[in-house]
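> just a sequence and a predicted model for now, questions to come.
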Amino acid sequence: MFHSIPQTVTFALFLVLTVLAILKRMGRIRLPLDSYVYYLWAFFLFFAVSDFLSLKVGIWVLGVISFLSLREYFSMVDIRLQDRWAVLGAYLSIPFMIHYIQIAWYGLFIISIPVYAFLVIPFLITLGGKEIKGSILSTGIIDLGLFLFVYCIGHIGYLALFATFKAVMLIVAVALCDINAYILKVYRKPPPERFVLLYAVTTPQTLVLTWVLSPWTGIPYEHSVVLGFLIPFLVAMGRHTMDFLMADLGVDERNLRPGRGQVIANLRSFLYTAPMVFHYIRYFLT
Amino acid sequence: MNAPAGKSLLCVFIHLFLLRSLLKLFFGVNILGRENFDDLEQFMVISNHNSHLDILLLFASLPRKHIPRTRPVAAEEYFSRNRILYKLVGYLFDPIWIVREDKDADPLGEMRKALMSGQSVIIFPEGTRGEPGHIASFKTGIGRLSESFQDIPIIPVFLSGPEKAYPKSAWFPLPVWNEVIIGPPHVCAGDCYNITMGLEMTIRALASTLASGRHTRPVSHKNDLSLAVLGIDGSGKSTLSQELARSLSEKARVCLVTDDLELYEGGKRSEIQPLFTEKVREAVGKYAKEAKSLKHYKIPKLTELLLRNHLLGQVRRWYNPEIICQDGSPLLNLTAWSTLYKGDAVDAETCADAIRILAGRDDAPDRGDAIYSRFPELDAMKRAKLTSMWMPDAVIMLDVEPEISMDRIASRGERVQVHESTEKLARLRDGYLMVCDVLKSVFGLPVMVIDGGQDFETVTASALEFIKRTEEERADNGNRLH
């Protein structure tokens, strides 16, 4: 069943997260990052299914994660009656993105959202109604959600297409940064300080992690070192940016619940990291 | 599981395992304050109403034991349009059907019976689905019920989300999270009016809690002022309505509905996207103008007026104006024109009844009334459900002698329409004046009759002064209500 150590490690992590998620659900344990364990579990479900069954099937788990985060985003932003067709278009772009990953059509995967979807969405807004004022704002709102929660998360799927363990490394490194962010309570600190503190504390840990995992990810040591520096920087950058956006959306960090920022808060560290790490690996290592 | 008569075990099973799962998977539901149902055997749930999802969400928030014995109140005429939907809603929710069109029936009678038999009820005190995201004033039914059943607690619920997930007039639902915020049970005392006001305030307070806060942009003019300028052909009403739209647009967003559809902002005409209904109306209007006799004029003109009425709804929906300035009013034109076709058969009382019927008001005469046999057009329109015409908020009548009108029409150099003769215009003028009298005396609408023979500046100044006064009165009334 297990053909390699990376596969075994992936499955072991999946089992551990499954047990933690079940215990949490039953209320038997209290985890420091609250519902974060469910999202980590969902990513590892994707990896486990991809490794042991097929990526074509597993990728749908990523589609569900995209759907949940996009649904939460659209629940919090102000959409007008005439934006509904465009919002529907944004939801429908999820299966398209998944299909391009399934058939490994990189060319279309990379342009489908920033070119085609971004051209179609304003068109759908104009078809949906007659109100001219606010159309630019609506286009921006819908495009941003589509970009962050479908396109950026989609890169984790395409990275898994190169090698599942590369994506596992990314998720584990980001989770490490998130755990640090929680322990340091960075969200209580003012913006520049939280950014620097998080980067300074997590970089040594991610450096060790990427170095140690290097033989299993297939990423050479020198590039693993670069990624060790890059990932915490991108996590800090992503968290910093998303904290601003979430504050504008009215998300109360102390009172997160599904539909009111919980999904986005748990995924915010992956949004900047996934596309940047993917393109680094694709440019230098494929 | 104990399922008393009303809903079968299968129905309860569908609620618990199918409807709740579908709601959670597709939309997402947060229920806050479910513990407020604890220890209650019977209750009245009241909630704001924006969407068809509301009833599903309220049932999803009910404790299991209350599903079989809780009944929502629903409008029968709305659901009975589709037989399958009617049967399905009847099976799943066992609603207390209210026939809004039946004036003799006591709408609270069935609710009282249900409460007396130990059932709980769900009531939407706004009466119908309102504008998305806005809570309309509560009707006093809930106050009257509460007066009679003071020992049954009222649970106020605020629903946030369905107005985005599946609002009124949307073609399809969208996956958007919904929040059901359940307030503590209220036991109300006092008179019906105070109870109603108190409950409305409670729901508004729930709406303003942090739990229901959302990202919003500051654009909305739902309480628009609809203004109609009436007058016979050649009275100068088109010129006046255009000038009023331009002047009023210096402070507000004004939509002018005349032979063309125009939008004015900042004192200037601004670009708008065309509406399909407007194009059809234009073509029909052109066809009507070319009619050679009153008989041939009737149907195209009626169609044109109905399309113009439909257009008013479209204008509100898509252009979001603060003021709608109409050159004529489909409802009032139709009523005034009846004098041209029916002559002396139209008196003030008939005129008032015709307005009530055409505007779809609750106090309109019932089907059996003699007015329907005297005016089969009204009967046909009621049967075709074309009786929900927009009533303007204020009316300006430009009164001009038919002779002066004829001179003006002749000076335009355009083709003279079939009704443009001194004698017919005189009858039409009498019709309009009667409509104005009725609007003022029966419906209490602000109406101003201006002598159209005066110079244009004086006419415009008087009209603007009247509009200013009307707006101030509306603002005063609004403040008094809130």
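Here it is on my side, so go on.

> which sections of the stretch 101-250 of chain B are below the confidence cut-off?
B:101-104, B:130-133, B:210-223 (pLDDT under 70).

> now with 90, please.
Confidence mapping of the stretch 101-250 of chain B against pLDDT under 90 gives the ranges B:101-110, B:126-151, B:163-164, B:167-171, B:186-198, B:201, B:204-225, B:232-238, B:250.

> dump the residue contacts of the closest residue to chain A within it.
Closest to chain A within the stretch 101-250 of chain B is residue B:177: 2.9 Å, counting by CB to the nearest CB. In short, each C-beta sits where N, CA and C put it, glycine included. Residue B:177 sits next to A:71-72, A:75, A:258-260, B:27-30, B:161 when contact means CB atoms under 8 Å, 6 or more residues apart in numbering or on different chains.

> where's residue B:73, which helix or strand?
Using DSSP states H and E, residue B:73 falls within strand B:70-75.

> strand partners (parallel or antiparallel) of that strand?
strand B:96-98 (parallel), strand B:120-123 (parallel) (DSSP bridges).

> in contact with residue 85, which residues?
I'll assume chain A. Residue A:85 neighbours (CB under 8 Å, 6+ apart): A:124-125, A:127-128.

> you looked at the wrong chain, it should be chain B
residue B:79.

> by how many degrees do the helix or strand that it is a member of and strand B:70-75 diverge?
Assigned by DSSP H and E, residue B:85 falls within helix B:83-93. Inter-element angle recorded for helix B:83-93 and strand B:70-75: 150 degrees (by axes from the mean of the first three to the mean of the last three CA atoms, to 10 degrees).

> from the contacts of residue B:177, pick the one nearest residue B:187.
residue B:30 (26.9 Å; CB to CB).

> surely that closest one and residue A:260 touch.
Yes: in this structure residue B:30 lies within contact range of residue A:260 using CB atoms under 8 Å: 7.4 Å.

> touching both of the two, which residues are there?
Contact criterion CB under 8 Å, 6+ apart; residues shared by residue B:30 and residue A:260: B:177, B:179.

> those two: which has the busier surroundings?
Neighbours per residue, other CB atoms under 10 Å in any protein chain shown: of residue B:30 and residue A:260, the larger number sits with residue A:260, 25 against 19.

> what number of residues lie near the residue of the stretch 251-400 of chain B found nearest chain A?
Chain A sits closest to residue B:318 of the stretch 251-400 of chain B, with a gap of 3.4 Å, by CB to the nearest CB. For residue B:318, the neighbour count with other CB under 10 Å is 19.

> what's the burial count for the closest residue to it other than its chain neighbours?
Of all residues not flanking residue B:318 in the chain, residue A:130 sits nearest, at 3.4 Å (CB to CB, 6 or more residues apart in numbering or on different chains). For residue A:130, the count of nearby residues is 17 (other CB under 10 Å).

> what's the answer for residue A:216, then?
Neighbours around residue A:216, by other CB under 10 Å: 18.

> name the nearest residue to it, ignoring sequence neighbours.
residue A:6 (4.4 Å).

> that neighbour touches residue A:164, doesn't it?
Yes: counting by CB under 8 Å, residue A:164 is a contact partner of residue A:6 at 7.3 Å.

> work out for me the element the residue lying closest to residue A:198 once chain neighbours are set aside sits within.
The shortest distance from residue A:198 to any non-neighbouring residue, by CB to CB, 6+ apart, is to residue A:236 (4.6 Å). Here residue A:236 sits within helix A:221-248, counting by DSSP H and E.

> and that helix, what does it pack onto?
helix A:164-183, helix A:191-217, helix A:262-285 (3 or more CB pairs under 8 Å, 6 or more residues apart in numbering or on different chains; DSSP states H and E).

> nearest to residue A:57, out of these?
Closest approach to residue A:57 among the helices and strands packed on helix A:221-248 (CB to CB): helix A:164-183, 13.2 Å.

> sort out which residues of that closest one are buried, please.
Residues A:164-178, A:180-181 are the ones in helix A:164-183 that count as buried (16 or more other CB atoms under 10 Å in any protein chain shown).

> and for stretch B:386-398?
Residues of stretch B:386-398 classed as buried: B:386-387, B:389-398 (neighbour count, 16+ other CB under 10 Å).

> now do the contacts for the residue of the stretch 101-250 of chain A found nearest chain B.
The nearest approach of the stretch 101-250 of chain A to chain B comes at residue A:130, 3.4 Å away (CB to the nearest CB). Shown in contact with residue A:130 (CB under 8 Å, 6+ apart): A:82, B:272-273, B:275, B:314, B:318-319.

> need the three-state assignment for it.
When classified by DSSP: H, G, I helix; E, B strand; the rest coil, residue A:130 comes out as coil.

> do you know how far it is from residue B:272?
Per CB to CB, to the nearest Å, residue A:130 is found 7 Å from residue B:272.

> list residues touching both of these two?
Residues touching both residue A:130 and residue B:272 (CB under 8 Å, 6+ apart): residue B:319.

> quickly note the distance from the residue in chain A positioned nearest to chain B to residue A:90.
Using CB to the nearest CB, residue A:259 is the residue of chain A that sits closest to chain B, at 2.9 Å. Residue A:259 is 17 Å from residue A:90, where distance means CB to CB.

> now swap in residue A:141 and tell me
Applying CB to CB, the value for residue A:141 to residue A:90 is 10 Å.

> between these two, who's got more neighbours?
Set residue A:141 next to residue A:90 and count neighbours by other CB under 10 Å: residue A:90 wins out with 26 against 23.

> what does that one show for phi and psi?
phi -60, psi -40 (degrees, to the nearest 10).

> neighbours of the closest residue to it other than its chain neighbours, just the number please.
Closest residue in space to residue A:90, ignoring its immediate chain neighbours: residue A:146 at 4.6 Å, by CB to CB, 6+ apart. Other residues within reach of residue A:146, judged by other CB under 10 Å, total 28.

> same question, the one 5 residues further on
The burial metric for residue A:151, expressed as a neighbour count using other CB under 10 Å, is 23.

> how about the contacts made by it?
Residues near residue A:151 by CB under 8 Å, 6+ apart: A:97, A:113-114, A:275.

> doesn't it belong to a helix?
Yes: per three-state DSSP, residue A:151 lies within a helix segment.

> can you name the next helix or strand after the helix or strand residue B:278 falls within?
Assigned by DSSP H and E, residue B:278 falls within helix B:276-289. Counting by DSSP H and E, the element after helix B:276-289 in chain order, helix or strand, is helix B:294-319.

> can you pull out the helices in the stretch 351-482 of chain B?
Assigned helices in the stretch 351-482 of chain B, in chain order: B:370-374, B:376-383, B:402-412, B:422-441, B:456-481 (criterion: DSSP state H, counting those that start in this stretch).

> what packs against the longest one?
Right, helix B:456-481. With contacts taken as 3+ CB pairs under 8 Å, 6+ apart, helix B:456-481 sits against strand B:225-230, helix B:237-248, strand B:394-399, strand B:447-451.

> buried sites along it?
Within helix B:456-481, the residues that count as buried by 16+ other CB under 10 Å are B:459-460, B:463, B:466-467, B:470-471.

> and it with strand B:225-230, angle?
140 degrees.

> tell me who's in contact with residue 224.
With no chain named, the answer covers chain A. Contacts of residue A:224 (CB under 8 Å, 6+ apart): A:210-211, A:213-214, A:217.

> my question was about chain B
Counting by CB under 8 Å, 6+ apart, residue B:224 has contacts B:316, B:321-324.

> these in strands, which ones?
Those of these mapping onto strands are B:323-324, per DSSP state E.

> state the distance from residue B:137 to residue B:73.
Remark: distance between residue B:137 and residue B:73 (CB to CB) = 18 Å.

> neighbour count for these two, which is higher?
A direct count of neighbours by other CB under 10 Å for residue B:137 and residue B:73 places residue B:73 higher, at 23 against 14.
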